[in-house]
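1. Mind looking at a prediction? Sequence and model below.
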Amino acid sequence: MATKIIQKYFVNQQDEVTIQCRTCGRTQTLFIASPENKKHSFNINCPCSASFSVTLEFRQDYREKTHIIGHFRALSTPRARARSCIIADQSKGGLLLQITEEVPIKQDDHVIVSYRPDSSFSQEIEKTLRVCHYHPEHGIGGAFIDPPPQRETRPRQVALH
């Protein structure tokens, strides 16, 4: 019996998702009326006879995996005493920091993170985060205090992973 492949898609801010058949390449955009009350997984039957399972994820922002070396510190801590971290993922709304030691941080604390997104940046970026979650083994997840201004977003084609 063939193993069914489950495709993961992200619902955008307009509660829409564009699904693509891997067999024929046909796409269709679906409106997800009420994400809280809908199933997060369902089956699709394409007109080309292919059928596949789809899992939806409802996120405010899309996350991008990274491996960027940075530093973080409490608002009251001098820059010279900042601790090392790795920015494990980023979105337009926040960062996930991997840390190597336990720190005295709790939810809703504010930290300053300094990093260079890539080698083409000559200056470090410094962002203030509100701690959303902290676990010594999993790191610090934080939301930017001043998120970038919202741009109008259009439904987008979701790439398959």
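-> Perfect, I can see it now. Residues are numbered from 1 along each chain as shown.

2. mind checking how far the residue nearest in space to the middle of the chain is from Gln90?
-> Nearest to the geometric centre of the chain sits Arg63, at 2.1 Å (Cα atoms, centre = their mean). According to Cβ to Cβ, to the nearest Å, Arg63 and Gln90 sit 7 Å apart. Bear in mind the C-beta positions are built from the backbone N, C-alpha and C, glycine included.

3. Also Phe144?
-> 10 Å.

4. Among these two, which residue is more densely surrounded?
-> The neighbour comparison of Phe144 against Gln90 (other Cβ atoms under 10 Å) goes to Gln90, with 20 against 17.

5. can you list the domain ranges for this structure.
-> 6-58, 64-144 (automatic domain parsing).

6. Export the ones you listed to CSV and append columns for mean pLDDT.
-> Shown next, in CSV, are these (pLDDT from 0 to 100):
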stretch, mean pLDDT
domain 6-58, 82
domain 64-144, 91
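
7. Phe121: how many residues sit nearby?
-> By the criterion of other Cβ under 10 Å, Phe121 has 10 neighbours.

8. burial count for the nearest residue to Ala50 once chain neighbours are set aside?
-> Nearest residue to Ala50, sequence neighbours excluded (Cβ to Cβ, 6 or more residues apart in numbering): Thr23, at 3.9 Å. Neighbour count for Thr23, taken as other Cβ under 10 Å: 12.

9. Number of residues surrounding Gly70?
-> Using other Cβ under 10 Å, Gly70 is surrounded by 23 other residues.

10. Which helix or strand contains it?
-> strand 64-74 (DSSP states H and E).

11. strands paired with that strand, and their directions?
-> Strand 64-74 has its sheet partners listed here by DSSP bridges as strand 83-90 (antiparallel), strand 110-115 (antiparallel).

12. hey, what's Ser41 bridged with?
-> Per DSSP bridges, the residues bridged to Ser41 are Thr55.
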